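Participant: my questions concern the predicted model and sequence given below.
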Amino acid sequence: MAGTTRDDILAHFREQAGFCAALGSPFMEALCLAMASDIETGGPVGRLVKGWASDPRRDALSLRVAGYLHYAVLGGKAPELAAVYPASNPGWTMDAVWPVARNWLARHERAAKVFIKSPPQTNETRRAIALVPGFLKVASLFPGPMHMLELGASAGLNQNWDRFNYQTSRWELTGNSDVTIDTDWVGPPPDHIDMSFNVTSRAACDQAPISLSKASAARRLKSYVWPDQPGRLARLDAAIALARRTRVRVDKADAADWLKAKLAARPEEGPTVIFHSVFLQYPPAETRRALQAMIEEAGAEASWERPLAWVCFEPAAFFQGPDQTGIHPNDFITYLRVWPEGEDYHLLRSDGHVIRAERL
């Protein structure tokens, strides 16, 4: 985004405040608005983001700054800030929080500038429940060993999706872990809810994977979870513990190069399942086109003995189906395409955090 202006950045911070409110985080709503006001008055946030070269909305700039503050709280080196944050003070007010946060940023601008250079990675495990309808469909079509390939996997927490427990008011699945995913489910349960999964291989890639063996890396991952959402924080802790126990691995690689090599060597028996969640907005358009062409080319070579599936949870704009009635541009959908039949399916509509999920 050439020529990003202060007004562009302000608009992003205020828009993000609205998103946070809609997704159940009054703390983040108030913090984003406080940071916007600080930009207007030339405070430490204004100095941090001044001259930001690319699109602040695409870069989630506001969440980078907020993540730095939460990172400081979680690290135990900012006791005065931790004392006013929701974990220690459930009755928080932004009038009490912001002066302390502003002072912390003013005293640690250099560290904050380094932190915000990297994009947020929440590795939101709740998105796994949006992928489950696709995995159930694949298992029903192609019984046999499932070979999972995840793009943009961050720390790889969702590599363990089949070990999670899923609970809604309409259906549930029991896994083999302490990680429980819930959502407000609208409509009938997914088709094939009684299918079992036979995952025999897992692989994942990310351009900047997070190594959970490092406490600082795990803390950074947690820093992007909104501080007034204790359920998400607890779920992340459980997912990190599971990933460490199962020795999850994420390859550091470009998605297109990595997938090309994996597809060339895919197993001769059972479905190879490519999956990702809220990933496509990050690579450039040419990479997205290359990935789609590569997947379709591999699909053309698929057989019933060696099928291919593509399961993803992404903004609706990426996958315009035959009937988009009622689909809002800000909706996220679960999309599935399978080969050799070449059919595609739109299975679910939700928000980015899968607080509410509606079967399509």
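Facilitator: Sure, I can see it. This is a predicted model, so every value here is computed, not measured.
Participant: am I right that Leu23 is in contact with Arg356?
Facilitator: No: Leu23 is beyond contact range of Arg356, at 10.2 Å (criterion: C-beta atoms under 8 Å). (C-beta placed from N, C-alpha, C; glycine too.)
Participant: more neighbours: which of these two?
Facilitator: Neighbours were counted for Leu23 and for Arg356 using other C-beta atoms under 10 Å; Leu23 has more, 15 against 12.
Participant: and the strands in the protein?
Facilitator: 146-150, 165-167, 172-173, 180-182, 184-186, 199-206, 251-252, 272-277, 308-315, 332-339, 344-350, 356-359 (DSSP state E).
Participant: who wins for proximity to Thr125 among the ones you listed?
Facilitator: The closest of the strands of the chain to Thr125 is strand 180-182. By C-beta to C-beta, the value is 6.3 Å.
Participant: partners of the closest one, with directions?
Facilitator: Strand pairing for strand 180-182, determined by DSSP bridges: strand 165-167 (parallel).
Participant: for the spatially closest residue to Ala30 that is not a sequence neighbour, give me its contacts.
Facilitator: Of all residues not flanking Ala30 in the chain, Met94 sits nearest, at 4.0 Å (C-beta to C-beta, 6 or more residues apart in numbering). Contact analysis of Met94 by C-beta atoms under 8 Å, 6 or more residues apart in numbering lists 27, 30-31, 33-34.
Participant: scan the residues you listed and report the most crowded one.
Facilitator: In the contacts of Met94, the most neighbours by other C-beta under 10 Å go to Leu31, 27 neighbours.
Participant: Ile9: which of the strands of the chain is closest?
Facilitator: Per C-beta to C-beta, nearest to Ile9 of the strands of the chain: strand 308-315, 21.9 Å.
Participant: circling back: okay, the strands of the chain in CSV with distance to Gly46 next?
Facilitator: What follows is those, written out as CSV (distance: least, C-beta to C-beta, whole Å):
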stretch, distance to Gly46
strand 146-150, 38
strand 165-167, 43
strand 172-173, 48
strand 180-182, 39
strand 184-186, 38
strand 199-206, 32
strand 251-252, 34
strand 272-277, 33
strand 308-315, 30
strand 332-339, 32
strand 344-350, 35
strand 356-359, 35
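Participant: any chance of those strands in CSV with mean pLDDT as columns?
Facilitator: Shown next, in CSV, are the strands of the chain (pLDDT from 0 to 100):
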stretch, mean pLDDT
strand 146-150, 98
strand 165-167, 98
strand 172-173, 97
strand 180-182, 97
strand 184-186, 98
strand 199-206, 97
strand 251-252, 98
strand 272-277, 98
strand 308-315, 96
strand 332-339, 96
strand 344-350, 95
strand 356-359, 96
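Participant: for stretch 179-198, buried residues please.
Facilitator: 179-183, 185, 189-190, 195, 197 (16 or more other C-beta atoms under 10 Å).
Participant: scratch that, stretch 103-116 is what I was asking about
Facilitator: Buried, per 16+ other C-beta under 10 Å, within stretch 103-116: 104-105, 108, 112, 115-116.
Participant: among those, name the ones in helices.
Facilitator: 104-105, 112, 115 (DSSP state H).
Participant: biggest separation within these, which pair?
Facilitator: Farthest pair in those, by C-beta to C-beta: Trp104 and Phe115, 12.3 Å.
Participant: send the alpha carbons of stretch 23-31 over as PDB?
Facilitator: What follows is stretch 23-31, C-alpha atoms only, in PDB (Å, rounded to 0.1, in the frame of the first residue of the first chain):
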ATOM      1  CA  LEU A  23     -15.900 -10.700  18.800                       C
ATOM      2  CA  GLY A  24     -16.500 -10.200  22.500                       C
ATOM      3  CA  SER A  25     -13.500  -8.300  23.700                       C
ATOM      4  CA  PRO A  26     -14.400  -4.900  25.300                       C
ATOM      5  CA  PHE A  27     -10.900  -4.600  26.600                       C
ATOM      6  CA  MET A  28      -9.400  -4.800  23.100                       C
ATOM      7  CA  GLU A  29     -12.100  -2.400  21.800                       C
ATOM      8  CA  ALA A  30     -11.200   0.200  24.400                       C
ATOM      9  CA  LEU A  31      -7.400  -0.400  24.000                       C
END
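Participant: and that stretch, how far out from the chain's middle?
Facilitator: 18 Å (C-alpha atoms, centre = their mean, to the nearest Å).
Participant: which residues sit against that stretch?
Facilitator: 16-18, 20-21, 66, 69, 86, 92, 94, 97-98, 101, 226-229, 351-353, 355.
Participant: quick check: which ranges of the chain have low pLDDT?
Facilitator: Along the chain, segments meeting pLDDT under 70 span 1-3, 320-329.
Participant: can I see the domain layout of it?
Facilitator: 6-115, 125-359 (automatic domain parsing).
Participant: now the shortest one, how far from the centre of its chain.
Facilitator: Between the mean C-alpha point of domain 6-115 and the mean C-alpha point of its chain there is a distance of 20 Å (C-alpha atoms, centre = their mean).
Participant: and the end-to-end length of that domain?
Facilitator: From its first residue to its last, domain 6-115 covers 20 Å (C-alpha to C-alpha, to the nearest Å).
Participant: check the last one too.
Facilitator: The first residue of domain 125-359 is 19 Å away from its last residue (C-alpha to C-alpha).
Participant: contacting residues around the residue lying closest to Arg288 once chain neighbours are set aside?
Facilitator: What sits nearest to Arg288 in space, not counting adjacent residues and going by C-beta to C-beta, 6+ apart, is Leu280, at 5.8 Å. Going by C-beta under 8 Å, 6+ apart, Leu280 touches 288, 312, 314-315, 318.
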